[in-house]
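Q: just coords:
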């Protein structure tokens, strides 16, 4: 709680690390006003929303498919530890591994493309490919978490509705639509909320892979707030950015929970 309060305090003061003799004079909402007028601030938010929406959606879909497969496999105890390996690797190591794999000259991805007749691609060198590359990396790293949560949910579902559906001759799609997904909805909500909150503050892997480049094409909000505070030495403005990010995540989570609960009571 104390670091959060101190962050709010810094956001309301002018705090320049290069000029400590000036102290930290009160500036009120000036830091927030400067951010709102900063085009790079809005760009970083747009990049973050795009990354979160794309990454979490893909992870949810793949996580459900993998969870369904593992739920049907009797030897899931053998496959589950292998499935969880990406999630337990430190994010910095993940960034280094994928940065090497995406390397234009020495990367294994371009090597495999070349072996089947395709030209090598600058995966981290162009705006569109760099964004796609970090989304692929995030999906590889965190789909296991989504799958693990959904697998736990699938194993906890009661079997009586499935037995009744089988007797009635319901097809696989109808079982999924009218039985599995409605009962699994609270678990899906938890999984999406956890990944959304974590994706909003995703920093270390992207810092290792692209540092926000090329240019600012992959500069997320967490990365830009870090640069403001520790590269541009404006602690006050960087703290204000952090508070805005917290507010956005809280508003999103509140809206999402109310939307789901409203549908359940409709």
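A: Okay, I see it. Predicted model only: the values in this text are computed from it and were never measured.

Q: quick one: secondary structure of residue 119?
A: coil (DSSP: H, G, I helix; E, B strand; the rest coil).

Q: so it makes contact with residue 113?
A: Yes: using Cβ atoms under 8 Å, residue 119 is in contact with residue 113, at 7.2 Å. For every residue, glycine as well, the C-beta is placed using N, CA and C.

Q: out of those two, which sits in the more crowded spot?
A: The neighbour comparison of residue 119 against residue 113 (other Cβ atoms under 10 Å) goes to residue 113, with 14 against 7.

Q: nearest residue to the more buried one other than its sequence neighbours?
A: Closest residue to residue 113 apart from its sequence neighbours, by Cβ to Cβ, 6 or more residues apart in numbering: residue 120 at 6.3 Å.

Q: same deal with residue 97?
A: Closest to residue 97 by Cβ to Cβ, 6+ apart is residue 89, at 7.7 Å.

Q: check residue 73 too.
A: residue 79 is the one closest to residue 73 (Cβ to Cβ, 6+ apart), at 6.4 Å.

Q: from residue 71, how far out is that neighbour?
A: Noted for residue 79: a distance of 11 Å to residue 71, by Cβ to Cβ, to the nearest Å.

Q: ok, back up a step: number of nearby residues for the residue nearest to residue 73?
A: 13.

Q: kindly report the same for residue 13.
A: There are 18 residues near residue 13, going by other Cβ under 10 Å.

Q: wait, it sits on residue 26?
A: Yes: here residue 13 reaches residue 26: they are 5.8 Å apart, a contact under Cβ under 8 Å.

Q: output the below-cut-off pLDDT ranges for this structure.
A: Applying pLDDT under 70 to the chain flags residues 21, 260, 262-266.

Q: mind giving me the packing neighbours of the longest helix belonging to it?
A: Longest helix of the chain, by residue count under DSSP state H: helix 39-72. If contacts are counted by 3 or more Cβ pairs under 8 Å, 6 or more residues apart in numbering; DSSP states H and E, helix 39-72 sits against helix 76-83, helix 127-156, helix 181-200, helix 221-230.

Q: which other helices and strands contact the helix or strand following the first one?
A: Secondary structure here is assigned by DSSP states H and E; on that basis, the next helix or strand after helix 76-83 toward the C-terminus is helix 85-88. Contact partners of helix 85-88 among helices and strands, from 3+ Cβ pairs under 8 Å, 6+ apart: helix 127-156.

Q: how about the helix it packs on: buried residues?
A: Neighbour-count burial for helix 127-156 flags 129-131, 133-151, 153-154 (criterion: 16 or more other Cβ atoms under 10 Å).

Q: centre of the chain to it, how far?
A: 8 Å (Cα atoms, centre = their mean, to the nearest Å).

Q: specify the angle between that helix and helix 181-200 in degrees.
A: 140 degrees (axes from the mean of the first three to the mean of the last three Cα atoms, to 10 degrees).
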